[in-house]
Structures are given as C-alpha cells and as structure tokens.
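Chemist: Just to be clear, the model below is a prediction. Sequence and coordinates:
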Amino acid sequence: MLPEEHLSTDTKDVVKLGIALLATMAALVLSLLIASAKNTYDTRRNQLLQVSADIILLDRVLAHYGVETKEARAMLHRSVASAIEQFWPASGKRPSTIDRRASSVEALFDNIQQLSPRNEVQRSLQSQALTMALDLARTRVLLFEQLDSSIPHPFLVVLVFWLGIIFTSFGLFAPRNGTVIAAFFVCALSVSGAIFLILELDRSFEGLLQVSSAPLRAALAQLGQ
C-alpha cells in the first residue's frame, strides 16, 4: 500500500534504525518494570513470613507468662483469622475495599500492657511481648500501604505505545502471508505475557500469582497449643 518512493533501501534503513532505538528503550522499560514487580512480590512474601514467625513467637511468650494472658492469646488468634479472611477469603472473592484501620493489634498491645507482672521473669516476658506486638503492628501497616499498585501507570502507557509503534513498523515492509502473521501473533503474545506477569506480580494478594497464605495459616494452626 506504500508508494514506491517509500520502499527504497535508504528509507527502510532509516525506519529500521529508528525502530532499533525504540526497541532498545522499550526493552529497558520492560525489564525495569519486571524487576520492580518481582521485588515488590518478594518483599510482601518476606514480610508475610516474618509476620507468621512473630505471631508464633508472641503466642509462645504469652503462654510462658501464665494464664493471665488467655484473653490476649484469644485476641491474637482472632486477629490472625480475620487477616486471613480479609486477604484470602473462603469465598475466593476479596472485598473491593479493605478497612485499613480495623485491627485488633492495638487492642492486643493495650491488653498486654495492662498485665501486672508478679516477678522479674513475667516483667521480662511482658516487655518482649510488647516489642513483638509493636513489630506486628508495624509490619501490618507496611503490608496495607503496599496494597496499592507499585507500577506507575505512565510507564505502562508509554510502554504499550512504544510496542504498538514497533509492531506497526514490522508490518510496513513485511509480505502478507501466513508465516509473517503467525510470527507477529507469537511475538505479540509473548510481550503481552510479560506485561501480564508484571501486573500479576504487582497484585501480590490477588490474581494467579498471589502470595501464599500457607505461612499465616500454619501460624494460626499453632496458636493456642
């Protein structure tokens, strides 16, 4: 469909040179987004593992304190069960909005603080429990702050625009046959798959690649033992 003067060797070389520059920039942005999404996913997974370990240790510390911590341990159990239901509901459909202020960690901290140690051992255990409760509250805040997307939308818009230009340039001088169409389809599918992985890794608590709830469920199973 292009006029003959647009099909000269010099014209093709200029187009190829410009698209090579654009493809390089697109590859850099794509790799940057993949690295950012993977780092976000790993951070959330590590935080969840840390929270699970802290929950088990806090429960053990409260258990060693004595029977006075029965209510605090029950509050810890309810808090973990509520968190699991929020992020991984049994229905499989997470609510569109999560109340980030609704938490029993603060109430748990107050309950531990109101304990009256009778000796140095209990006083030491109370101090450790308060420190662990603060760590849990801090990690919870970090997890909730990271619920929003970490991928800047302008990055994705610019990337898709560049990819559209690149694929359009491929078809300028390509013959119209089944092999070319199949090659374009496979390439487009591969690039779309990369963008899909970026978005899935960024949504760590939903979708196909969500962070596993196994550590938190294992911690819940050990509470009260």
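Modeler: Noted; the coordinates are in hand.
Chemist: biggest helix in this structure, by residue count?
Modeler: Longest helix in the chain by number of residues (criterion: DSSP state H): helix 9-65.
Chemist: Now it: average pLDDT?
Modeler: In this model, helix 9-65 carries a mean pLDDT of 88.
Chemist: for the following helix or strand past that helix, which positions count as buried?
Modeler: Proceeding N to C from helix 9-65, the next assigned helix or strand is helix 70-87, under DSSP states H and E. Across helix 70-87, burial judged by 16 or more other Cβ atoms under 10 Å covers 72-73, 75-77, 79-80, 83-84, 87. Glycine gets a C-beta too; all of them are placed from N, C-alpha and C.
Chemist: circling back: quick one: work out the angle between the longest helix of the chain and helix 70-87.
Modeler: With axes from the mean of the first three to the mean of the last three Cα atoms, to 10 degrees applied, the angle from helix 9-65 to helix 70-87 works out at 160 degrees.
Chemist: name the helices or strands packed onto helix 9-65?
Modeler: Secondary-structure packing of helix 9-65 (3 or more Cβ pairs under 8 Å, 6 or more residues apart in numbering; DSSP states H and E): helix 70-87, helix 120-145, helix 153-170, helix 178-202, helix 214-222.
Chemist: What is the burial count for the closest residue to Thr11 other than its chain neighbours?
Modeler: Leaving out its chain neighbours, the residue that sits closest to Thr11 by Cβ to Cβ, 6 or more residues apart in numbering is Glu5, at 7.7 Å. Using other Cβ atoms under 10 Å, Glu5 has 7 other residues around it.
Chemist: Okay, Glu5 and Lys12: tell me how far apart.
Modeler: 12 Å (Cβ to Cβ, to the nearest Å).
Chemist: Wait, Ile56 touches Ala219, no?
Modeler: Yes: between Ile56 and Ala219 there is a contact under Cβ atoms under 8 Å: 5.1 Å.
Chemist: quick one, what contacts Gln47?
Modeler: 139, 142-143 (Cβ atoms under 8 Å, 6 or more residues apart in numbering).
Chemist: Kindly recompute the last result at 10 Å.
Modeler: By Cβ atoms under 10 Å, 6 or more residues apart in numbering, the contact set of Gln47 is 139-140, 142-143, 146, 204, 211.
Chemist: Mind checking which of these are buried?
Modeler: 139-140, 143, 146, 204, 211.
Chemist: ok, so of those residues, who is nearest Leu156?
Modeler: When the buried ones among the contacts of Gln47 are compared for distance to Leu156 (Cβ to Cβ), Ser204 wins out at 17.5 Å.
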